[in-house]
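**Q** Task: produce atomic coordinates for the following.
(4 chains)
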There are 4 protein chains.
Amino acid sequence: MKKLGLGVVGVGEMGRRHAENIRRLVPEARLVAVADAVADRARQVAEDLEIENSFHSLDEMLARTEINAVVIATPDKFHAKAIASAAATGKDILCEKPLATNRSDAQAALSAVARAGVRLQIGFMRRFDPAYVAAMKRIEEGEIGEPVLFKSLGRDKDVPPIEAYQSNVNGMLFYNNTIHDFDLARWLMHDEVTEVQAYTTVSIRPQVAMYGDVVASSVNLKFSRGAIGNVESNVQAIYGYDVRSEIVGSKGTIFVGSVETVPTTFLSAAGSNHILADHFLTRFADAYLAEVRDFVHNILHDRPPRVSGDDGMKALEIAIAAEESHFEGGAPRKVRAEEVERLGATTGEV
Amino acid sequence: MKKLGLGVVGVGEMGRRHAENIRRLVPEARLVAVADAVADRARQVAEDLEIENSFHSLDEMLARTEINAVVIATPDKFHAKAIASAAATGKDILCEKPLATNRSDAQAALSAVARAGVRLQIGFMRRFDPAYVAAMKRIEEGEIGEPVLFKSLGRDKDVPPIEAYQSNVNGMLFYNNTIHDFDLARWLMHDEVTEVQAYTTVSIRPQVAMYGDVVASSVNLKFSRGAIGNVESNVQAIYGYDVRSEIVGSKGTIFVGSVETVPTTFLSAAGSNHILADHFLTRFADAYLAEVRDFVHNILHDRPPRVSGDDGMKALEIAIAAEESHFEGGAPRKVRAEEVERLGATTGEV
Amino acid sequence: MKKLGLGVVGVGEMGRRHAENIRRLVPEARLVAVADAVADRARQVAEDLEIENSFHSLDEMLARTEINAVVIATPDKFHAKAIASAAATGKDILCEKPLATNRSDAQAALSAVARAGVRLQIGFMRRFDPAYVAAMKRIEEGEIGEPVLFKSLGRDKDVPPIEAYQSNVNGMLFYNNTIHDFDLARWLMHDEVTEVQAYTTVSIRPQVAMYGDVVASSVNLKFSRGAIGNVESNVQAIYGYDVRSEIVGSKGTIFVGSVETVPTTFLSAAGSNHILADHFLTRFADAYLAEVRDFVHNILHDRPPRVSGDDGMKALEIAIAAEESHFEGGAPRKVRAEEVERLGATTGEV
Amino acid sequence: MKKLGLGVVGVGEMGRRHAENIRRLVPEARLVAVADAVADRARQVAEDLEIENSFHSLDEMLARTEINAVVIATPDKFHAKAIASAAATGKDILCEKPLATNRSDAQAALSAVARAGVRLQIGFMRRFDPAYVAAMKRIEEGEIGEPVLFKSLGRDKDVPPIEAYQSNVNGMLFYNNTIHDFDLARWLMHDEVTEVQAYTTVSIRPQVAMYGDVVASSVNLKFSRGAIGNVESNVQAIYGYDVRSEIVGSKGTIFVGSVETVPTTFLSAAGSNHILADHFLTRFADAYLAEVRDFVHNILHDRPPRVSGDDGMKALEIAIAAEESHFEGGAPRKVRAEEVERLGATTGEV
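**A** Got it, this is the predicted structure:
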């Protein structure tokens, strides 16, 4: 079988991982090139991965005809434009979350994709994590009955450097972090979020408010069929990288998550001690690999992507509503649903 | 030392446990009598516990001078009046939560207590649970730094009989269940809740709405110093009795709770299996005993109770605000703080 | 119903707990008296428990006719003689493990019991622990198929004071600690141990060898139907009190035990931390209570005890064989089985 | 840097994994060829991994000069001869455990290695597992004080097909399974095993005795500095693949292992349920990769291998002593130590 040619744009921590996975662990794909606005970074990754081509612009890379599809891992605010450019050259696209950092960019990106007739997959990799997949399987088998409550939390370990806020290239908390949980909410509940309430805090780091961001949040959710939920995010939990989700149903409950990594227990007079997870690339290593494999396989077998642009749009709408609620002191905000109906038919289903 | 004479009014499941604890496991106390509107029930408990006196009204019991203090474990809506009656006869009081099911009843009860100069302790027994006590100790030692997020959940196992709703003698979810978490929020955070948002659901049992109640809820919290939180309640989780709380701080996090009871693991080709907790009297057996012991000891040593009437009032105000938010579709509601200032000076501190 | 009169002899830590349980938590029993070779100790316990009678000898206590049964909690080497004395006065007996510290003492005690026709229960309280009971239930339901391996370990927390060895009133490790696991081996496997191999160590505290004792041991077991096993003991594990057992079967495995006590998890950059169990009276509090309740109920209902003198003898024979193997450098030693056949018919079965 | 050329001989389940790891995840190495006595299997693996060369004999592969080193993953009984052949052609060697299935084969292999002056690493991959590495780090930092007890167990999930016994190409239980634990015993305790006692069982599958093998075993260990230990093995535990080890010290204890894989908890009225590990290639995926990377890096940096031929010999001597004890009904057997002194100086240390 002819291999699928891929390029990766944006080879920071995340994009580099995608490039490594494609280069080494997706036999049906060939990593043709990497691109990065920082030319040296692209060059170094190309050298490390022993591939020939590195570029310092996406457009240069898109000109290469042996590239069939691209992975976009640039900062958040450049996603939408990168999608449009890639679509215009007829490449299939796997774009990191979020689809965009505002509604008009997102719509423009989706329109470009629709016009070009290319595939677009959004990087909600948790849908490929073995623990979430196991949970989903049991939910679909009816084990927990009718879902009543959706709970999820995501906590990052280290205090982000203030420069990360100043650069202003990523979306605020809801777009950059919580959006994973917004997507899980829709996916695991087989339902749509219709309304949100958001409380946020900057109490332990007031200066992040200057950049329109928050340290932590608690967002209540209402679902279309009557269930409710809550999603917590925290960018500086200090103790570790911690992602947990819970789906409470009428007959049972499923809980996903464990902050302990290696199964080593240290017992002393001070009590027991375990080592904790500290990074998303460790916790979700398997998920990122399964994600890109699935992307490649679906293209090669001419199937739609498992996580669609519409999924990206809907999660984005929840984030937008959460941010509005945050600006309005927590008032309930409807999630805009127009897109839901218009694009619904193309939603990829697992 | 002369023993403290105690009476228990309301000897259903909860009151009977209090009576047993006092009779058998509090050497400094003497269980003088039990009372219950169902005379046979009072008689049976008296017989089982081998005590002489049972009454079918609180007033009869209060007439006994060898009773120094009473434990009130009647249905919720009778708490306030029972407090007033007991106070009028000069008895110290340990009253089950909630203090009352509305603000005016609560204020009347507190006024009666203030006039009589008796002690009033509210039955927030989780403050005496070894797991929560261990958590509080580490928080007070500064181990988690400044608290940022408070999370808590309480789930009951079995579907309540519809009669429990029809009888209308207990408060709705926020007054009867969530109030424990509202108290934990204040206690563990060393802070006051100033605002709430509440989403609720009856999706899996719509008929409870007819009785002004809900099946499950997710309440967001704002604290006076900037922290935020969320409390979930669910009266029919089916899988077990599950209470968990989490305090996320600037330096660390403490998690309390485990739904697994006996440390027995069953391993088969179907995976591992553990037995789950199913009842609050099992999970909090130690807490209820420690609570009543502390109540007795503080009276005998002329110390204020560890959980004051003011604590009962403040938790009630949070429940009232949550119910208001629920009625208004989740709009943020301020927690009424008047009582906080007026009665603050008498708040028991651990 | 007339209450069963009980006396407790030996009110150190263990006997005092038995006395408290009987006094407070066994409504069908009446604690008539306590006795202890240290008269002041007996007096203090009687005062604390608010009972009238304390004695400084067993014989004085046995003279009281209102005592129907006695609990023996003296040091190990006095068990057998106390059993014989109690039997001679027609009292039923609950004796702490071991039955005796040598075979002839044990046989004399059992003969006295047989002659007198009284009941004798040996204090293998783990058989009453909820976790072990849950395990046993599943084994009897056939969940694990045919047992293949029995594993068990028991570790005490603190280094025993050297005086504990010098006093020479308790049996060495196999008689005082491991005997619990020897009993579990027989009970959980529904089988008899026929041969043992024992390795022991004093490497971290050589002086205990002077007193004929060891710090830790690993004893391999052979069962009559072909299964094998291993039991580890360690008297100074430092980190906590840890008891675990595992029964591996042809279809599944059951694991009992957890060293973590309160369900509180502390999460910091140093990892997660739990509080550990530190004492057998905490870990097995429920078991000790269930044990003495069962003892009392069986007498009142004229049923045989659940753990018989024969059970005590068989566990003792395993300990004797283990000690012989230890003396012979680990050579396999048959477990003497004569008693098994002769007394087998009277073995109490759960 | 020039890449290290590697060949893999024996590409069944284990060898195929080694080949995949080298092909894809060890950038400093180049997988030149695979060989297998089943020519089709070698061809298929070569095709799957997109390499040019496959052979149906080791000797053919060894003739390729661009191969610098080989990985041996044939059945156990062919290990020694393969080592000798590879050594004779000057290739460095990573050989799966055991070094050999008898002493003379092992000695011949080690002599060939010594004569040729090549590197030999034995595939005790657990030394590279993150959980064991974390344990070792704490032990070396003195956290548990002086080791007193070593416990380890290894259980395979599925009943081995009877053909696996009939083929007679692998060593019996001690050589094929327990040898991992024998190596861990030496490594984690920083000590040598001097004597063993072995009990074995075939009770649930008597026919394996016809092939000189057993279903499960419990082997007691004595160490040179006074510590003791026990190792259990079981080839058909049914519930899952379970490897656990525990090192009890004078100041603390370290426990390694968890049979639960994905962090997903299913909660229902039947209790909680987790998914269990079922295969060594899943549990030790990271370890196998780290092992071969370390092998390659040490060759490229001209360092000795981390797990030496001497380590292989010493673990083998423990297995030999355990088998002798098994044949003699469990009599204690000294571990032959001659090799210890003679080859001690070349032992690789971590």
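**Q** can you give me the helices in the stretch 251-350 of chain A?
**A** Counting by DSSP state H, counting those that start in this stretch, the stretch 251-350 of chain A has these helices, from start to end: A:280-283, A:285-300, A:309-327, A:338-343.
**Q** and the gap between residue A:193 and chain C?
**A** Distance of residue A:193 to chain C, computed by CB to the nearest CB, to the nearest Å: 29 Å. Quick note: C-beta positions are derived from backbone N, CA and C, even for glycine.
**Q** so which helix or strand takes in residue A:163?
**A** Per DSSP states H and E, residue A:163 falls inside helix A:162-166.
**Q** right, and the helix or strand after that helix?
**A** Where DSSP H and E defines the elements, the next helix or strand beyond helix A:162-166 is helix A:173.
**Q** That next one near chain B anywhere?
**A** No. Against chain B, helix A:173 shows no contacts by CB under 8 Å from any CB of the partner chain, the least distance being 12.5 Å.
**Q** picking that back up, in the helix holding residue A:163, what counts as buried?
**A** If you call a residue buried by 16 or more other CB atoms under 10 Å in any protein chain shown, then helix A:162-166 has these buried ones: A:164-165.
**Q** what are the phi and psi values for the most far-flung residue of chain A relative to its centre?
**A** The outermost residue of chain A relative to its centre, with distances by CA atoms, centre = their mean, is residue A:269 at 41.8 Å. Per-residue torsions, residue A:269: phi -60, psi -20 (degrees, to the nearest 10).
**Q** So which bits of the stretch 251-350 of chain A are right by chain B?
**A** By CB under 8 Å from any CB, the residues of the stretch 251-350 of chain A that approach chain B are A:251-253, A:329-332.
**Q** thinking again about what came up before, quick one: check the helix holding residue A:163 for contact with chain B.
**A** No. Applying CB under 8 Å from any CB, one finds helix A:162-166 out of contact with chain B, separated by at least 16.0 Å.
**Q** Closest residue of the stretch 51-200 of chain A to chain C?
**A** Nearest residue of the stretch 51-200 of chain A to chain C: residue A:157, at 8.1 Å (CB to the nearest CB).
**Q** Can you give me the neighbour number for that residue?
**A** If you count neighbours by other CB atoms under 10 Å in any protein chain shown, residue A:157 ends up with 19.
**Q** What of residue A:276?
**A** As a burial measure, residue A:276 scores 22 neighbours (other CB under 10 Å).
**Q** just residue A:210 next, same as before
**A** Around residue A:210 sit 11 other residues, with neighbours defined as other CB under 10 Å.
**Q** show me what contacts it?
**A** Residue A:210 sits next to residue A:165 when contact means CB atoms under 8 Å, 6 or more residues apart in numbering or on different chains.
**Q** re earlier: format the helices of the stretch 251-350 of chain A as a markdown table; extra columns: mean pLDDT and distance to residue A:241.
**A** Listed next are the helices of the stretch 251-350 of chain A as a markdown table, based on pLDDT from 0 to 100; distance: least, CB to CB, whole Å:
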| stretch | mean pLDDT | distance to residue A:241 |
| --- | --- | --- |
| helix A:280-283 | 90 | 6 |
| helix A:285-300 | 95 | 12 |
| helix A:309-327 | 97 | 21 |
| helix A:338-343 | 48 | 31 |
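**Q** Point out the most buried one among those.
**A** Using mean count of other CB atoms under 10 Å in any protein chain shown, the stretch among those with the largest mean neighbour count is helix A:309-327, at a mean of 25.
**Q** ok but residue A:7 is inside a helix, no?
**A** No. Assigned with DSSP: H, G, I helix; E, B strand; the rest coil, residue A:7 falls outside any helix and is strand.
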